[in-house]
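A.B. asks: Structure of the sequence below:
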Amino acid sequence: MKTLLFAPETLNIAETTRMIEIARACGDDFHCEFFGYGGEYEYLIGAAGFVCHSLTPQLTPQRADELMKADRMERGGKMFTIDEMVERVRSELDLYAQIKPTAVVIGFTLSTFVSARAAGVPLVSVNPFALTGPFFQASPTMWGEMLRGTPLDWLPEGMINRAINAWGRRTKAWTKPMNAAAKEFGVRPFTSLTDIFRGDYTLVTDIPQLTGVPDLPANWRYVGPIYAKLEGEAPPEIADLPRDRPIIYFAMGSSANQDVLVRVMRMFAGQPYTVIAPIKRHLAGLDVTVPDNVHVFDWLPAHKVNPLADVAVLHGGQGTVQTACASGTPFLGIGLQPEQDINVLQAAQFGSALHLNRYALNEERVLTAVHRLLTEPGFRQKAAELRDELINWPGAANVAAFLHEKFLATPTPEEDGMSKEFQQKDVGFLTYPTGGWRLAVFKWPVQLWRLGLGPLLGRVFVLLTTTGRKSGLPRRTLTEYHQMNGRIYAPSGFGRRAQWYRNIEADPRVTIQTAVGAQSVTDVRVTDDQEILALLRVMEKKDGKMMREIYLNALDIAYDDDDILAKKDRIYWLRFDPTDEPTPPPLPADLLWVWPMLAVTGLIKLALWRTWRTRRAGRENSK
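C.D. replies: Residues are numbered from 1 along each chain as shown. Now for the predicted structure:
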């Protein structure tokens, strides 16, 4: 049986329980094991019945606190050092050699982004959409709202949005220790913060109805919410609570800021609410008075308690937010860091929640928001609508289905399902070049571009510069392109067999060059029915005979809209969307010097020939 190795950052309860839910959903398909570094919630893995390898360096309580503060962007926070990162990677490589996993499944354990690639083990990243490359590529406009009520809310929203989106696409925050470890173990460097968050396969624990981004890059997929479902029932004290006034569920997850938690808790004092608060661990060691109407508990099975509440007040962690959404509970979200603010704002834009920045926190704003959520029926209606939508997205089951599809339904991860896919026929010039003159024919046009013929070739062909999925080096190829609705499209004539296409699957950031110049883009495979048919019409205008008799024939597709859509999984057409993210360098015309050299060589040959001819004529005349 194949082994999956799960690697949650066990100082975070949401990430730990998310990985446990996925492992449970895998059932008997895989043998599932875990590893961690001794975080507070590592015990939950053993309690769920899974083996957990505890690696070094172990997390001390102080170090865990520093990491959580760094995650919340607070004073005293400290991310991993280079030495810690290198030691982690070395420990993980030793474990991989021991158990030989089929794949590594992670949340936010940064060292695995290096170790899995160094070991050549497929890496499946299961994480929120917020702060990823596609998130910033979509140019979100929520930043102004995120800063509302803070000292910066006087700035124009447009300026804030442009500045933060540009920073998000390019920042190299957190990359220094990652790149030091990458260099140590022979892995390509990380070009930006968003580059870190990308696995070989990236599964997004959101839904497009909330993110507003329907299309994801190749090897990305929406799977839906995955949140903690702790064992056990709600304590009997909760069932015995009076129902004569509204119930508020107040939770701040494992990443709570104690100051924010205590301030909000005190705001409930004397209010006509009954508050259920699983915050006992965060109050440990604090000299605070708990209001009479606030009932404090340790961790609760939130998926069972949340539906009892009329309103929730949360910190914005994705698991906590998703539990409220899946329960149909409208909520007030107080994000402790940008990713949490984004989680809240997505629900707020849907209409089921309200957002409050932690730096804009005061009693009037909190109580006014709670009152609105209780008295304005629109919030509960939208919360119920979102709950019904989420039923269609069983996140853990979707991840398990993906893992089965990718690692059990195919012979090997490297083959990536190609043996099970339709095998394209070789027809005419669409004969796959395995070497010899055919391969030279496909490679030679790149040299012509280097000779300065790009402005001519670029009228018909697009030069693609991708990042080698193994080498990390720029790789280049030419293919025909088409334009539609202001976008450039390119077909992969050989489907997934094309090496450049497989590079794009691994890293969708590409530099394209046409007659008008170079552009940084990300690729999106065209899967929408209407877009496929519209692009087909554009291609037909250029060369309908080639499309019908060669391309569609090679794919065993009839020239019929119904058959084309029925077999669209055989069609690999890409749309290139502009991006501000770093992409490989464009190909320069670095062989321009050849032309003057050829001209000089030609002139010299011409002069020598004329001299030879003159002398020969002279000798003949002298005879």
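
A.B. asks: need the longest strand for the chain.
C.D. replies: Longest strand of the chain, by residue count under DSSP state E: strand 517-525.

A.B. asks: Pairing partners for that strand, with directions?
C.D. replies: Partner strands for strand 517-525, per DSSP bridges, with pairing direction: strand 509-514 (antiparallel), strand 573-578 (antiparallel).

A.B. asks: Output the last one as PDB, nothing but the C-alphas.
C.D. replies: The C-alpha coordinates for strand 573-578 follow below in PDB (Å, rounded to 0.1, in the frame of the first residue of the first chain):
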ATOM      1  CA  TRP A 573      -5.200  25.300 -25.200                       C
ATOM      2  CA  LEU A 574      -3.800  28.000 -22.900                       C
ATOM      3  CA  ARG A 575      -4.800  31.600 -22.300                       C
ATOM      4  CA  PHE A 576      -2.100  33.900 -21.100                       C
ATOM      5  CA  ASP A 577      -3.200  36.500 -18.500                       C
ATOM      6  CA  PRO A 578      -0.900  39.400 -17.700                       C
END
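
A.B. asks: can you give me the helices for the stretch 51-200 of the chain?
C.D. replies: Shown for the stretch 51-200 of the chain, the helices assigned by DSSP state H, counting those that start in this stretch span residues 61-71, 82-99, 112-119, 133-137, 143-146, 157-170, 175-184, 193-196.

A.B. asks: Adding mean neighbour count as columns, could you present these in JSON lines?
C.D. replies: For every residue, glycine as well, the C-beta is placed using N, CA and C. Putting those into JSON lines (neighbours: other CB atoms under 10 Å) gives the following:
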{"stretch": "helix 61-71", "mean neighbour count": "16"}
{"stretch": "helix 82-99", "mean neighbour count": "18"}
{"stretch": "helix 112-119", "mean neighbour count": "25"}
{"stretch": "helix 133-137", "mean neighbour count": "24"}
{"stretch": "helix 143-146", "mean neighbour count": "20"}
{"stretch": "helix 157-170", "mean neighbour count": "16"}
{"stretch": "helix 175-184", "mean neighbour count": "19"}
{"stretch": "helix 193-196", "mean neighbour count": "20"}
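
A.B. asks: list the contacts for the residue nearest to Gly335 when sequence neighbours are not counted?
C.D. replies: With sequence-adjacent residues excluded and distances taken as CB to CB, 6 or more residues apart in numbering, Gly335 is closest to Asp341, at 3.3 Å. With contact set as CB atoms under 8 Å, 6 or more residues apart in numbering, Asp341 has these partners: 146, 316, 333, 335, 355, 357.

A.B. asks: What about those residues, which one has the most neighbours?
C.D. replies: The most crowded member of the contacts of Asp341, judged by other CB atoms under 10 Å, is Gly316 (29 neighbours).

A.B. asks: So that residue is in contact with Asn343, correct?
C.D. replies: Yes: applying CB atoms under 8 Å, one finds Gly316 in contact with Asn343, separated by 5.2 Å.

A.B. asks: what sits in contact with each of the two?
C.D. replies: Common neighbours of Gly316 and Asn343 (CB under 8 Å, 6+ apart) are 333, 335.

A.B. asks: show me what contacts the nearest residue to Lys172 once chain neighbours are set aside?
C.D. replies: Closest residue to Lys172 apart from its sequence neighbours, by CB to CB, 6+ apart: Ser192 at 5.9 Å. Listed by CB under 8 Å, 6+ apart, the contact partners of Ser192 are 169-172, 175, 581-582.

A.B. asks: So which of the helices of the stretch 51-200 of the chain is nearest Leu456?
C.D. replies: helix 133-137 (31.6 Å; CB to CB).

A.B. asks: Which secondary structure elements does that closest one sit against?
C.D. replies: helix 157-170, helix 193-196, strand 517-525 (3 or more CB pairs under 8 Å, 6 or more residues apart in numbering; DSSP states H and E).

A.B. asks: 6 Å instead, please
C.D. replies: With contacts taken as 3 or more CB pairs under 6 Å, 6 or more residues apart in numbering; DSSP states H and E, helix 133-137 sits against helix 157-170.

A.B. asks: Report the angle between the helix it packs on and strand 517-525.
C.D. replies: Using axes from the mean of the first three to the mean of the last three CA atoms, to 10 degrees, the interaxial angle of helix 157-170 with respect to strand 517-525 works out to 80 degrees.

A.B. asks: what comes into contact with helix 157-170?
C.D. replies: For helix 157-170, contacts defined as CB atoms under 6 Å, 6 or more residues apart in numbering pick out 136, 139, 141, 143-144, 192, 580-581.

A.B. asks: can you check stretch 494-507 too?
C.D. replies: Counting by CB under 6 Å, 6+ apart, 218-219, 424, 432, 464, 466-469, 475, 477, 492, 523, 572 sit against stretch 494-507.

A.B. asks: of all the residues you listed, which two lie farthest apart?
C.D. replies: It's Gln424 and Thr467 that sit farthest apart of the contacts of stretch 494-507, by CB to CB, at 24.8 Å.

A.B. asks: What's the first helix or strand after the lowest-mean-pLDDT helix or strand in the chain?
C.D. replies: Lowest by mean pLDDT, DSSP states H and E among the helices and strands of the chain is helix 436-448, with a mean of 69. For helix 436-448, the following helix or strand on the C-terminal side (DSSP states H and E) is helix 454-457.

A.B. asks: hmm, back to that, buried stuff in the longest strand of the chain?
C.D. replies: 518-525 (16 or more other CB atoms under 10 Å).

A.B. asks: In JSON lines, list these along with distance to His303 and pLDDT.
C.D. replies: Formatted as JSON lines, the buried residues of strand 517-525 follow (distance: CB to CB, whole Å; pLDDT from 0 to 100):
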{"residue": "Ala518", "distance to His303": "50", "pLDDT": "93"}
{"residue": "Gln519", "distance to His303": "46", "pLDDT": "93"}
{"residue": "Ser520", "distance to His303": "43", "pLDDT": "93"}
{"residue": "Val521", "distance to His303": "41", "pLDDT": "93"}
{"residue": "Thr522", "distance to His303": "36", "pLDDT": "92"}
{"residue": "Asp523", "distance to His303": "38", "pLDDT": "91"}
{"residue": "Val524", "distance to His303": "35", "pLDDT": "91"}
{"residue": "Arg525", "distance to His303": "35", "pLDDT": "91"}
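
A.B. asks: Which two among those are spaced furthest apart?
C.D. replies: Spanning the widest gap among the buried residues of strand 517-525 are Ala518 and Arg525, at 22.2 Å by CB to CB.

A.B. asks: Flag the shaky bits of this structure, pLDDT-wise.
C.D. replies: 409-442, 471, 623 (pLDDT under 70).

A.B. asks: ok, 50 please
C.D. replies: Within the chain, the stretches with pLDDT under 50 are 410-420.

A.B. asks: Could you point out which of the helices of the stretch 51-200 of the chain sits nearest Ser54?
C.D. replies: Among those, helix 82-99 sits nearest to Ser54 (CB to CB), with 10.0 Å.

A.B. asks: Report the inter-axis angle for the closest one versus helix 175-184.
C.D. replies: Going by the same axes, to 10 degrees, helix 82-99 makes 50 degrees with helix 175-184.

A.B. asks: does Phe35 really touch Val51, like I thought?
C.D. replies: No: counting by CB atoms under 6 Å, Phe35 stays clear of Val51, with 9.2 Å between them.
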